[in-house]
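[1] can you look at this prediction? I've put the sequence above it.
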Number of protein chains: 2
Amino acid sequence: MKKAVVLLSGGLDSTTCAAMLVRQLGADNVIALSLGYGQKHLVELEQAKLIAKELGISHIIKELPPIFSGAGSTLIDADCPNPETTYEELAKSIGVSPTYVPFRNGNLLSAATALALVEGADTVCYGAHSEDARSWSYPDCSAEFIGAMACAIYIGTYHKVRLYTPLVNDTKYDVVVRGLEAYAPFELTHSCYNGARPACGVCSTCISRIAAFKQLGVRDPIDYAIVIDWRCL
Amino acid sequence: MKKAVVLLSGGLDSTTCAAMLVRQLGADNVIALSLGYGQKHLVELEQAKLIAKELGISHIIKELPPIFSGAGSTLIDADCPNPETTYEELAKSIGVSPTYVPFRNGNLLSAATALALVEGADTVCYGAHSEDARSWSYPDCSAEFIGAMACAIYIGTYHKVRLYTPLVNDTKYDVVVRGLEAYAPFELTHSCYNGARPACGVCSTCISRIAAFKQLGVRDPIDYAIVIDWRCL
């Protein structure tokens, strides 16, 4: 691995990936790609800009075609409010996560792969972790999907680009630990699905993020709209 | 297979796929998707419109993000003229086809998969055929790529969408035969990489197309800028 394109949403996982790559390859060999797909929480792209600047890496922002609305994803469709429960509960109750965006990660990874070829990078990196795929909440974060996409990317690029998912076996807690170790600028990240700043603290991704920091007994450096006891659970 | 999204470039292969699907599923159950990716031969999108209309299927046109230029693809980059030789010769001389667009088909298939989920379709179809992948000219048409993407699509959509490549074992000659059998409106198709109308007759895709019709001893219904003897070789 010499040069990488990293998908940077502006959230905790992708920021951790970016910081890890910077430590491993040097900032000159990391390119961040952020893609709009009609998400309500567009603020994450603004934060991605600040994160890339802080890490000293180049940053490219593009828009995917407007093909993702109409499938009832709560991240996109205005009439579908984001759920206020844990990912585990979500998966138990309905099978398909309401926050799933139709084949989003296939689209993100394909765009990143094209960019990797154009930029002469040998690696595409994204921050899927083990809790993303638990109970099939996000099938496009599962090990099976990652394996298939890794093959498609490697074959479809004349064996020039490989997929790298350094967080694939990690819990959210593990991601926070790795991010802190890599000096990821967590204070600049945005996770809240509702796009709220301060973060709402009650949507699925806020719950997951807060729990990870609490488990570590460390205060999350971003602001929340609710009062949180950051002591270790 | 009940409802399909077919990638429709406006060329011979995708038009054949669309016509086959219409015969199999009925026009109401076929949705054509055409995507701009910065190709010089934009005329193909105009022809795709006419083809969809002729077949009586709905048609969606979108733009992929502008991430494909700069890799030296002769289909995109202004300073790279399209080659005037057969695909076989191209592959022999340089390994990587100059007309290869960085991971284009991964991007096209991912967009089609998102649309399939939004539209409630269970199938995504594209017209890769055996000569596309011969000598690795287009790795994103190879059986290996198709198998990997089929897995990624099936897994990444909660097992709701499958990839269908009905021409995967066909030569260009076979495609022409199948298209004629399915009443594909070949007179409306556009193949020429140079975007010329009448078609230039000398670029790789014109050469391939002309050879297929000549092998069959049938006149290609589109116009060419050169004089062609359509008798069987």
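    Sure, I can see it.
[2] in terms of helices and strands, where is A:I61?
    strand A:58-63 (DSSP states H and E).
[3] buried sites along that strand?
    Neighbour-count burial for strand A:58-63, counted by 16 or more other CB atoms under 10 Å in any protein chain shown, picks out A:H59, A:I60, A:I61. All C-beta spots, glycine's among them, are computed from the backbone N, C-alpha and C.
[4] again, but for stretch A:24-31
    By 16+ other CB under 10 Å, the buried positions in stretch A:24-31 come out as A:L25, A:N29, A:V30, A:I31.
[5] in strands, which of those residues appear?
    A:V30, A:I31 (DSSP state E).
[6] skip ahead from the helix or strand bottoming out on mean pLDDT in chain A and say which helix or strand is next.
    The weakest-scoring helix or strand in chain A, judged by mean pLDDT, DSSP states H and E, is helix A:87-94 (a mean of 68). Counting by DSSP H and E, the next helix or strand C-terminal to helix A:87-94 is helix A:104-119.
[7] now do that following helix against strand A:58-63, angle only.
    Taking axes from the mean of the first three to the mean of the last three CA atoms, to 10 degrees, one finds helix A:104-119 and strand A:58-63 inclined to each other by 130 degrees.
[8] burial check on the residue lying closest to A:T85 once chain neighbours are set aside, number of neighbours?
    Nearest residue to A:T85 in three dimensions, chain neighbours excluded: A:S204, at 6.5 Å (CB to CB, 6 or more residues apart in numbering or on different chains). Neighbour count of A:S204, defined by other CB atoms under 10 Å in any protein chain shown: 24.
[9] got a pLDDT number for A:S204?
    The model reports A:S204 with a pLDDT of 87.
[10] my read: it touches A:L90, true?
    Yes - A:S204 lies in contact with A:L90 (CB atoms under 8 Å); the separation is 6.3 Å.
[11] which one of the buried residues of stretch A:24-31 is nearest to B:L180?
    Distance to B:L180 across these (CB to CB) is lowest for A:I31, with 47.0 Å.
[12] correct me, but that closest one touches A:A4?
    Yes - counting by CB under 8 Å, A:I31 does reach A:A4; the two are 7.3 Å apart.
[13] overlap in contacts of the two?
    Shared between the contact lists of A:I31 and A:A4 (criterion: CB atoms under 8 Å, 6 or more residues apart in numbering or on different chains) are residues A:A121.
[14] tell me which stretches of chain A form strands.
    Using DSSP E, strands in chain A cover A:4-7, A:30-36, A:58-63, A:123-125, A:162-164.
[15] once you drop chain neighbours, what's closest to the residue of chain A positioned farthest from its centre?
    Residue farthest from the centre of chain A, counting by CA atoms, centre = their mean, is A:Y158 at 27.0 Å. Counting by CB to CB, 6+ apart, B:P139 is the residue found nearest to A:Y158 once chain neighbours are left out, at 5.3 Å.
[16] is it correct that that neighbour is in contact with B:F145?
    Yes - using CB under 8 Å, B:P139 makes contact with B:F145 at a distance of 6.0 Å.
[17] mutual contacts of those two, please.
    Going by CB under 8 Å, 6+ apart, residues that sit against B:P139 and also against B:F145 are A:I155, A:G156, B:A133.
[18] next up, the contacts around the last one.
    The contact partners of B:A133, taken as CB under 8 Å, 6+ apart, are B:P139, B:C141, B:S142, B:A143, B:F145.
[19] per-residue confidence for it?
    pLDDT recorded at B:A133 is 83.
[20] next one: A:L167
    At A:L167, pLDDT is 97.
[21] tell me if I'm right that A:A196 and A:A225 touch.
    Yes - using CB under 8 Å, A:A196 makes contact with A:A225 at a distance of 6.5 Å.
[22] so between those two, which is more surrounded?
    Each of A:A196 and A:A225 has its neighbours counted (other CB under 10 Å); A:A196 has more, 18 against 14.
[23] next one: phi and psi at that one?
    phi -80, psi 140 (degrees, to the nearest 10).
[24] how close does it sit to A:N82?
    10 Å (CB to CB, to the nearest Å).
[25] then A:F213?
    Distance, A:F213 to A:N82, using CB to CB: 20 Å.
[26] stretch A:22-36: end-to-end distance?
    Criterion CA to CA, to the nearest Å; first-to-last residue distance in stretch A:22-36 is 23 Å.
[27] thinking again about what came up before, for the buried residues of stretch A:24-31, name the two members farthest from one another.
    Among the buried residues of stretch A:24-31, A:L25 and A:I31 lie farthest apart (CB to CB), at 10.5 Å.
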